[in-house]
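Peer 1: Dropping a prediction and its sequence here:
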Amino acid sequence: MGDRRARTFASRLAVLTLLTIAGSAPLAAQGRGLDPIRGRLGIGADLALPVGQFHEYVDNGGGVRAFGLLALDPYGIFGLRLDASYVVYGHQSRVVPLSPTVPLIDVRVNTDNQIVFGSFGPQITFPIGPVRPFLRGGLGVSYFVTTSSVKGTSNTSSFAQTTNFHDTRLALEGGGGLWIHLGGSRTPIDLSLEATYVHNGRTRYLRKESIVEQPDGSVTITPVRSGANLVTLNLGVVFGIR
């Protein structure tokens with residue numbers, strides 16, 4: 001049900017954007033307000049919403065996304081976009097003694113469930129006026145990885161880290177949004193509002209309950225295998241390159 005709602009949301013966003021572009025096409029033909037541009041760089045914060053089976057096993061996550069867009073025409077209507085994102089969908093932290101023989105020294109053990117994603121694909125942008133809708137799609141790779149790190153309770157950096165589990169999947173993504181012009185002439189700056197649906201298919205990954213410490217000190221790791229699709233909502237800034 002959640003997966004269906006996400007697809008419905010993405011399709012409605014696509015239809016709204018296409019209608020906006022089509023309705024303003026005559027202005028594009030007249031060439032009003034078009035500013036020649038070579039590309040754009042963007043960065044922003046992601047809210048990751050698991051959908052479908054993924055929602056049954058994990059909670060919402062957060063992360064960052066960055067991208068570069070190469071314009072294929074003087075006004076940036078058609079472009080090729082390279083994206084990279086990092087999402088943490090689970091985190092655990094606990095304090096334990098460094099060892100039984102050193103009981104006065106405590107360390108903090110942090111375990112993070114993460115997704116590192118990269119994609120490449122086309123984007124179409126309607127570049128007239130202060131509000132610029134866009135649609136995009138991409139083919140990429142999702143890297144699901146869970147790591148545990150150790151640092152002193154009074155330290156800011158870790159001194160040891162272990163990868164508990166990882167898996168890699170081909171992925172598809174599609175979405176769109178709005179760029180709202182904030183200012184700048186030589187280097188235009190836009191506020192970016194974007195929604196993206198990421199289809200990873202069935203994937204193996206860890207969640208918070210996947211790592212269990214046994215009474216004898218051993219550790220049992222039980223991966224989950226399910227659909228791992230998600231929707232990301234991004235708020236960021238975009239810098240134009242002339």
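Peer 2: That came through fine.

Peer 1: So which residue is smack in the middle of the protein?
Peer 2: Nearest to the mean C-alpha position of the chain, by C-alpha atoms, centre = their mean, lies residue 85 at 4.2 Å.

Peer 1: any idea how far that residue is from residue 226?
Peer 2: 21 Å (C-beta to C-beta, to the nearest Å). In short, each C-beta sits where N, CA and C put it, glycine included.

Peer 1: for residue 46, same thing?
Peer 2: Counting by C-beta to C-beta, the gap between residue 46 and residue 226 amounts to 21 Å.

Peer 1: more crowded one of those two?
Peer 2: Between residue 46 and residue 226, residue 46 has the larger neighbour count (other C-beta atoms under 10 Å), namely 22 against 19.

Peer 1: Is the more buried one located within a helix, as I assumed?
Peer 2: No: when DSSP: H, G, I helix; E, B strand; the rest coil is applied, residue 46 is found to be strand, with no helix at that position.

Peer 1: re earlier: neighbouring strands for the one helix or strand the residue nearest to the centre of the chain maps to, and are they parallel or not?
Peer 2: Residue 85 is located in strand 78-99, with elements delineated by DSSP states H and E. Note on strand 78-99: by DSSP bridges, its sheet partners are strand 61-71 (antiparallel), strand 102-125 (antiparallel).

Peer 1: Quick one: those as CSV, columns for distance to residue 41 too.
Peer 2: Listed next are the strands paired with strand 78-99 as CSV, based on distance: least, C-beta to C-beta, whole Å:
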stretch, distance to residue 41
strand 61-71, 6
strand 102-125, 13
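
Peer 1: Check these for me: which has the lowest mean pLDDT.
Peer 2: Note on these: strand 102-125 shows the lowest mean pLDDT, a mean of 90.

Peer 1: Going by neighbour count, list what's buried in the next helix or strand after that one.
Peer 2: Per DSSP H and E, the first helix or strand lying C-terminal to strand 102-125 is strand 131-152. Buried residues in strand 131-152, defined by neighbour count with 16 or more other C-beta atoms under 10 Å: 132-138, 140, 142, 144-151.

Peer 1: What of stretch 190-209?
Peer 2: Applying a neighbour-count criterion of 16+ other C-beta under 10 Å, one finds 190, 192-200, 203, 205-207 buried in stretch 190-209.

Peer 1: And for stretch 173-192?
Peer 2: 173-179, 181, 188, 190, 192.

Peer 1: Over to stretch 224-232?
Peer 2: 224, 226-232.

Peer 1: ditto for stretch 72-89
Peer 2: By 16+ other C-beta under 10 Å, the buried positions in stretch 72-89 come out as 75-77, 79-81, 83, 85, 87, 89.

Peer 1: What of stretch 210-219?
Peer 2: Neighbour count says stretch 210-219 has 210-211 buried, by 16+ other C-beta under 10 Å.

Peer 1: Can you measure across that stretch, start residue to end residue?
Peer 2: Across stretch 210-219, the terminal residues are separated by 10 Å (C-alpha to C-alpha, to the nearest Å).

Peer 1: in the chain, what spans have low per-residue confidence?
Peer 2: When residues are selected by pLDDT under 70, those of the chain lie in 1-35, 102.

Peer 1: rerun that using 90 as the cut-off
Peer 2: In the predicted model of the chain, residues 1-38, 73-76, 92-110, 126-129, 151-161, 183-188, 208-209, 211-219, 241-242 satisfy pLDDT under 90.

Peer 1: Show the contacting residues for the residue nearest to the centre of the chain.
Peer 2: Taking C-beta atoms under 8 Å, 6 or more residues apart in numbering as the criterion, residue 85 is in contact with 46, 63-66, 115-118, 232.
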